[in-house]
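S.K.: What follows is a predicted protein model with its sequence.
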Amino acid sequence: MHINKFLLLFILSLFFSCNSKAQKQSKKIEESFKVSKTEAEWKAQLTDTEFYVLRKAGTERRFSSPFNKNYDDGIYVCKACNTPLFKSEHKFDSGSGWPSFDREIEGNVAFSTDYDLGYARTEEHCATCGGHLGHVFNDGPRETTGKRHCINGVALKFIPKED
């Protein structure tokens, strides 16, 4: 009898505490961005992988981005809308397998909370088009910001610094 009551309470607590994907998606749809396109327009502009990451909050495979080991001077912009997001001078090798930066270009990156893995993470989006970039963690270089912006390289385009 006690086990049945415990099981019922457990199931009810799960039901009321869940943050479902449908709830999150409806919240994102309500947001408006300077650059806004239909799903068909994004699919026509982006490759399948770019669409999966930028528009569906996917993640590219670790160590698959050539930007992970790019040490050239320049700026990283959003692949979907060309908004400047990160400067090469703030990039570092985190060993995570994704391009990492200790700070964003202020005002060009938006943040939200993501519960996809069952716990809270800070998700990063392009503030202009809403494209998913990656996540920010508090395990970056202590001598600078302490932040690690772990970014999908497929969400970025690199513009080299002109001499």
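M.R.: Received the coordinates, thanks.
S.K.: how many neighbours does Phe33 have?
M.R.: 15 (other CB atoms under 10 Å). Bear in mind the C-beta positions are built from the backbone N, C-alpha and C, glycine included.
S.K.: what about it, is that helix, strand or coil?
M.R.: The local conformation at Phe33, judged by DSSP: H, G, I helix; E, B strand; the rest coil, is coil.
S.K.: pretty sure it contacts Thr128?
M.R.: Yes - counting by CB atoms under 8 Å, Phe33 touches Thr128, with 6.1 Å between them.
S.K.: Please name the residues that touch Gly58.
M.R.: 49, 52, 132, 152 (CB atoms under 8 Å, 6 or more residues apart in numbering).
S.K.: Take the residues you listed and keep only those in strands.
M.R.: Among these, DSSP state E puts His132 in strands.
S.K.: Select, from the contacts of Gly58, the two members most distant in space.
M.R.: Across the contacts of Gly58, the longest distance by CB to CB is 12.4 Å; it joins Thr49 and His132.
S.K.: more crowded one of the two?
M.R.: His132 (24 against 15).
S.K.: can you pull out the strands in the protein?
M.R.: With DSSP E as the criterion, the chain has strands spanning 74-78, 84-87, 91-92, 100-101, 109-114, 121-126, 132-137, 148-151, 156-160.
S.K.: Glu39: which of the ones you listed is closest?
M.R.: For the strands of the chain, distance to Glu39 was read as CB to CB. The smallest value, 14.1 Å, belongs to strand 132-137.
S.K.: Thanks again, I'm all set now.
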